[in-house]
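1. Show me how the following folds:
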Amino acid sequence: MKRFREKTVIITGAGSGIGRATAIRFAKEGASVVLVGRTAETLEETAKDFPQDRTWIHTDNYLTVTCDISVQSQVQEMIKRVIEKFDHIDVLVNNAGKAIQGKITELSTEDWKTSIDVNLNGTFYVCQAAMPHLIATKGNIVNVSSLSGVGGDWNMAAYNAAKAGVSNLTRTLALDHGPDGVRVNAVNPSVTETSMTSAIQDSEIKTNKFLARCPLGRLATPDDIAGAITFLASHDASMITGVNLPVDGGVSASNGQPQF
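-> Numbering: from 1, shown residues only. Below you'll find the model as predicted:
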């Protein structure tokens, strides 16, 4: 199915994990894909897995842009390059993020600022720069927030605060720009099999505790999240905006009590 034929899709954090899986999924569905990240080599590795069907994807159908989304001037330059190449933007996926652990008594001011800059400010900068182009195409945004943006976690003060900001920014942008024809939604993954998850302290212990209260009994994969993102970005979701969609194996269905 080529739901995104002739559509230009920007994905931040496209070099690994959820961003990589999402970029490949959009490419398979016919999109012209813009891969955004901090390392050119990882972006090119993602592009190598794009389909080789020359009817849909070839060297003119993707663009890699190295960009630190926490730097507003770099974001503005990135959007400029996208417009120069493709002339329009139809979908924006804000996936780039960084998880920093620590209680508020343990976090440095620099840790706090980094978490807010990457997870929240970066999302704001990209949304702000892309919005006029999305208004022109009646396009849409899918933010990658987190279940941590809906409820708290232990030992993740900065990340929780930043992702809560992303979740509520999503709702506000949906309200403000629905009249412009722009839909804005978010996916809220829980524990997902990515390098960022495995780098978290005591990740194996925490994973086992998570699985004990997950109805589906497994971690999400990047492909699971990519499927939800492409659905929200597609015409199939044309009446959906302002939603933070849990992709969590049913964890958020529980009130937190252990199984009896």
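2. With adjacent residues omitted, what lies nearest to residue 218?
-> The shortest distance from residue 218 to any residue other than its chain neighbours is 6.6 Å, reached at residue 249 (CB to CB, 6 or more residues apart in numbering). In this view, the C-beta of every residue, glycine as well, is placed from N, C-alpha and C.
3. let me redo that: residue 158
-> By the measure of CB to CB, 6+ apart, the closest residue to residue 158 outside its immediate chain neighbours is residue 115, 3.7 Å from it.
4. How about the contacts made by that neighbour?
-> Shown in contact with residue 115 (CB atoms under 8 Å, 6 or more residues apart in numbering): 98, 100, 158-159, 161-162.
5. So which of those belong to helices?
-> Secondary structure from DSSP state H places 158-159, 161-162 of the contacts of residue 115 in helices.
6. For these, which entry has the maximal number of neighbours?
-> Ranked by the number of neighbours (other CB atoms under 10 Å), these place residue 162 first, at 29 neighbours.
7. which residues sit in contact with the closest residue to it other than its chain neighbours?
-> Excluding its sequence neighbours, the residue lying closest to residue 162 (CB to CB, 6+ apart) is residue 119, at 3.6 Å. Counting by CB under 8 Å, 6+ apart, residue 119 touches 97-98, 159, 162-163, 165-166.
8. if we take the residues you listed, which one ends up nearest to residue 24?
-> Of all the contacts of residue 119, residue 97 has the smallest distance to residue 24: 18.7 Å, by CB to CB.
9. Would you mind confirming that residue 131 makes contact with residue 177?
-> Yes. Under the criterion of CB atoms under 8 Å, residue 131 makes contact with residue 177 at 6.8 Å.
10. dump the residue contacts of the residue nearest the centre of the chain.
-> Among the residues of the chain, the one closest to the centroid is residue 95, at 2.4 Å (CA atoms, centre = their mean). Residue 95 sits next to 11-14, 18-19, 22, 144 when contact means CB under 8 Å, 6+ apart.
11. Would you mind giving the residues you listed as CSV with neighbour count added?
-> Below are the contacts of residue 95 laid out as CSV (neighbours: other CB atoms under 10 Å):
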residue, neighbour count
11, 34
12, 26
13, 27
14, 30
18, 30
19, 30
22, 30
144, 30
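12. quick one: residue 178 and residue 224, what's the gap?
-> According to CB to CB, to the nearest Å, residue 178 and residue 224 sit 28 Å apart.
13. Checking residue 111 next. Helix, strand or coil?
-> When classified by DSSP: H, G, I helix; E, B strand; the rest coil, residue 111 comes out as helix.
14. which non-adjacent residue is nearest it?
-> Counting by CB to CB, 6+ apart, residue 111 lies nearest to residue 100, which is 5.0 Å off, once chain neighbours are set aside.
15. what's the neighbour count on that neighbour?
-> Quick note: residue 100 (other CB under 10 Å) scores 20 neighbours.
16. now residue 106
-> Neighbour count of residue 106, defined by other CB under 10 Å: 10.
17. before we move on, what about the one 3 residues further on?
-> The local packing count at residue 109 equals 7, with neighbours defined by other CB under 10 Å.
18. Tell me the pLDDT of it.
-> Model confidence at residue 109, given as pLDDT, is 97.
19. what's the answer for residue 57, then?
-> So, for residue 57, pLDDT stands at 48.
20. cool, and residue 260?
-> At residue 260, pLDDT is 62.
21. Residue 75 too?
-> Looking at residue 75, its pLDDT reads 98.
22. go on, residue 230?
-> On the pLDDT scale, residue 230 is placed at 98.
23. same deal with residue 254?
-> pLDDT, residue 254: 82.
24. likewise residue 149?
-> On pLDDT, residue 149 comes in at 84.
25. Contact partners for the nearest residue to it once chain neighbours are set aside?
-> Closest residue to residue 149 apart from its sequence neighbours, by CB to CB, 6+ apart: residue 163 at 3.3 Å. Going by CB under 8 Å, 6+ apart, residue 163 touches 97, 119-120, 145-146, 148-149.
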